[in-house]
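[1] Predicted model follows, preceded by the sequence.
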Amino acid sequence: MRVRHTLMTTPTLPIDWHSQPPAAAPALCQPGSAAEALSASRQLGPRAAFIAGGTALPLTWGVAEEARPEVSHLIDLLAGVLSADINVDVLPDGTPVLRLGAGVTLETLRRDARVRSVAPRLAEAIEAIAAPGVRHLATLGGNIGWRWGDALPALLAAGAWVRTADGTQAPLERVLDEARAAGCDVPLVIDVAWPLPNAPRTGWSIAEKLGWRAAFSPSRLTLALEVGWDAGVFSAPRVAATAAGWPARRLAHVERWLDGRSPAALADRGSELRQACLADGADASRARLLARLLVGHLSREARVHG
């Protein structure tokens, strides 16, 4: 493992060093494998941070000095740890998947023909992330590790699995929930498995991001939804959401409320849907926004296709 000192900057998000001078240049560690990366993280402790494309790190530099994370070492994951491969594979239970290396850039994913064919909602979600210059640098693994990356709802709604650096394969939902419950970082993700359906399913797949449009647009709300349509009612819905400062999650209460309901219930019992959003951790404002988006999307799809 090589270690060298460097000053990390980014051409897409310039920093005013006069008003925000760095305390010190962090050391850059370049492990040659996932095992070396984990070992380096354990040895260096909480002041070490994994880095791939490096697009999220500058967002922490603009906060008040006392709130900035102290980073003494950056562990480079693109020097030999993360793959950028995209290929077809199978999970341990035999489910066919499109396996996405955590080192693949978001723009590569967005443009890949296989992704656009079997995971179009993931491509759509990525298209709403930042600008092309950022997407050419940002990686899938970094978007996951950030915990409120805009690709996460689409991955959660699809039932994606991840493989972590210790070799564990588990549903992404479980990995995020366990990290949130423990108050710790998301484990180092090596690759992502997007399930491929064995047969066509009647229903809809939706992804949408609402943001404050400016030079930088933090997500006000990013929503993804996979729902079946069976004899005039919604079936087996999978709903996930995130927002700036609100880590990505499945909305289990919303899913249970929607399952088996007809489109008429969306308008007649909207207050119950908002309560389900609140139960899933949304604040009052976000719950209202979530409920409006769900009612709008599902009512429209039911009219057009029902």
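    Perfect, I can see it now.
[2] how does the chain divide into domains?
    Domain segmentation of the chain under automatic domain parsing yields 2-76, 86-195, 203-305.
[3] Poorly predicted segments of the stretch 101-250 of the chain, please.
    Within the stretch 101-250 of the chain, the segments meeting pLDDT under 70 span 199-201, 212-218.
[4] quick one: strands adjacent to the helix or strand containing residue 206?
    Using DSSP states H and E, residue 206 falls within strand 203-211. Using DSSP bridges, strand 203-211 pairs in its sheet with strand 219-230 (antiparallel).
[5] Give the buried residues for the strand it pairs with.
    219, 221-227, 229 (16 or more other Cβ atoms under 10 Å). All C-beta spots, glycine's among them, are computed from the backbone N, C-alpha and C.
[6] so where do the strands sit in the stretch 151-300 of the chain?
    For the stretch 151-300 of the chain, the strands defined by DSSP state E, counting those that start in this stretch occupy 161-164, 169-171, 189-195, 203-211, 219-230, 233-243, 246-250.
[7] And those: which comes nearest residue 293?
    strand 219-230 (5.5 Å; Cβ to Cβ).
[8] Could you check the angle the closest one makes with strand 246-250?
    Going by axes from the mean of the first three to the mean of the last three Cα atoms, to 10 degrees, strand 219-230 is angled at 10 degrees with respect to strand 246-250.
[9] how near is residue 189 to residue 258?
    Using Cβ to Cβ, to the nearest Å, one obtains 29 Å as the distance from residue 189 to residue 258.
[10] roughly how far is the helix or strand where residue 115 lies from the heart of the chain?
    Per DSSP H and E, residue 115 falls inside helix 113-118. The chain centroid and the centroid of helix 113-118 are separated by 18 Å under Cα atoms, centre = their mean, to the nearest Å.
[11] List of residues touching the helix or strand following that helix?
    Under the assignment DSSP H and E, the closest C-terminal helix or strand after helix 113-118 is helix 120-127. Contacting residues not belonging to helix 120-127 are listed as 106-107, 109-110, 112, 115-116, 135, 150-151, 153-155, 157-158, 194, 205-207, 209, 222, 224 [Cβ atoms under 8 Å, 6 or more residues apart in numbering].
[12] Restrict helix 120-127 to CA atoms and write it as PDB.
    What follows is helix 120-127, C-alpha atoms only, in PDB (Å, rounded to 0.1, in the frame of the first residue of the first chain):
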ATOM      1  CA  PRO A 120     -34.200   2.300 -17.300                       C
ATOM      2  CA  ARG A 121     -35.300   3.900 -14.100                       C
ATOM      3  CA  LEU A 122     -31.800   3.700 -12.800                       C
ATOM      4  CA  ALA A 123     -30.600   5.500 -15.900                       C
ATOM      5  CA  GLU A 124     -33.300   8.100 -15.500                       C
ATOM      6  CA  ALA A 125     -32.400   8.700 -11.800                       C
ATOM      7  CA  ILE A 126     -28.800   9.100 -12.700                       C
ATOM      8  CA  GLU A 127     -29.700  11.700 -15.400                       C
END
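[13] Give me the buried positions along the following helix or strand past that helix.
    Where DSSP H and E defines the elements, the next helix or strand beyond helix 120-127 is helix 132-135. Of the residues in helix 132-135, those buried by neighbour count under the rule 16+ other Cβ under 10 Å are 134-135.
[14] same deal with stretch 106-120?
    106-110, 112, 115, 118-119.
[15] Farthest pair within those residues?
    Across the buried residues of stretch 106-120 (Cβ to Cβ), the longest gap, 18.3 Å, separates 107 and 118.
[16] how near is residue 248 to residue 33?
    28 Å.
[17] And the two? Which one has more around it.
    Using other Cβ atoms under 10 Å as the criterion, residue 248 and residue 33 rank with residue 248 on top: 28 against 12.
[18] just checking, the more buried one touches residue 239?
    No - the criterion here is Cβ atoms under 8 Å, and residue 248 misses it with residue 239 at 11.7 Å.
[19] longest helix in the chain, by residue count?
    helix 284-305 (DSSP state H).
[20] Show residues contacting it.
    204, 206, 208, 210, 220-221, 223, 225, 227, 229, 234, 239, 241, 243, 246, 251, 254, 258, 263, 266-267, 270, 273-275, 277-278, 282.
[21] ok, back up a step: switch the buried residues of stretch 106-120 over to CSV; also include distance to residue 180.
    Shown next, in CSV, are these (distance: Cβ to Cβ, whole Å):
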residue, distance to residue 180
106, 23
107, 28
108, 28
109, 25
110, 27
112, 30
115, 27
118, 29
119, 25
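[22] Looking at those, which is nearest residue 78?
    Using Cβ to Cβ, these come closest to residue 78 at residue 108, 13.1 Å.
[23] To what extent is the residue lying closest to that closest one once chain neighbours are set aside buried, counted in neighbours?
    Excluding the flanking residues, the one nearest residue 108 by Cβ to Cβ, 6 or more residues apart in numbering is residue 84, at 7.0 Å. Residues within reach of residue 84, counting by other Cβ under 10 Å, total 17.
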